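J.: Sharing a model that was predicted from the sequence below.
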Amino acid sequence: LTTRDRRLGHGRRSWVVRVTAGHAGKRRYQVAMPVVMRFARGGHRHKAFFKIVVANSKSPRDGRHLEKVGTFDPLPKADHKMVSLNVERIKYWLSVGVQPSDSVAKLLGKAGILPPFPQQISTKQKNSEAE
């Protein structure tokens with residue numbers, strides 16, 4: 001099988017299409033879709049609740065998604081934040097090449113699924129270390 005990429009459309013609505021030589025010489029077209037793992041917000045005003053979803057990068061934040069792989073409740077209940085993760089599916093999506101957002105990568109780093117997310121050092125910390 002041979003593949004080649006071809007761009008269809010113009011401007012913002014252009015898509016990269018993979019043309020594959022299929023069975024018996026027929027062409028198959030497959031849209032290359034960049035997929036990300038990110039938060040989708042739910043809940044009420046001042047009572048946020050997040051779903052961790054795998055979605056097309058061009059879809060809206062709370063829009064259509066491919067799969068829900070976890071939840072995150074940032075408001076403390078009994079002095080801890082509630083997180084539920086489907087570790088098996090998260091590892092599958094990461095092996096396929098899904099890019100997690102920074103906030104999801106921090107959460108997965110704390111859960112031990114990804115390496116710990118690098119912390120940024122503020123200017124106050126830099127100044128206190130220099131003294």
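T.: Cool, got the structure.
J.: Next up, the contacts around Leu85.
T.: For Leu85, the contact set (C-beta atoms under 8 Å, 6 or more residues apart in numbering) comprises 52, 69-70, 108, 111, 113. Using the backbone N, CA and C atoms, a C-beta is placed for each residue, glycine as well.
J.: Distance of it relative to Val69?
T.: Plainly put, Leu85 is 7 Å away from Val69 if you go by C-beta to C-beta, to the nearest Å.
J.: Next: Val35.
T.: For Val35 relative to Val69 (C-beta to C-beta), the value is 12 Å.
J.: now Gly112
T.: Counting by C-beta to C-beta, the gap from Gly112 to Val69 is 16 Å.
J.: Neighbour count: these two, which is higher?
T.: Neighbour count, other C-beta atoms under 10 Å: between Gly112 and Val69, Val69 has more, with 23 against 9.
J.: host element of the more buried one?
T.: Using DSSP states H and E, Val69 maps to strand 67-77.
J.: Partner strands of that strand and their direction?
T.: Under the criterion DSSP bridges, strand 67-77 sits next to strand 47-56 (antiparallel), strand 80-85 (antiparallel) in its sheet.
J.: Is it possible to get TSV of the ones you listed that adds mean pLDDT and distance to Thr123?
T.: TSV is the format used below for the strands paired with strand 67-77 (pLDDT from 0 to 100; distance: least, C-beta to C-beta, whole Å):
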stretch	mean pLDDT	distance to Thr123
strand 47-56	90	29
strand 80-85	84	28
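J.: Centre-most residue in the chain?
T.: When C-alpha atoms, centre = their mean is applied to the chain, the residue found nearest the centroid is Met37 (1.5 Å).
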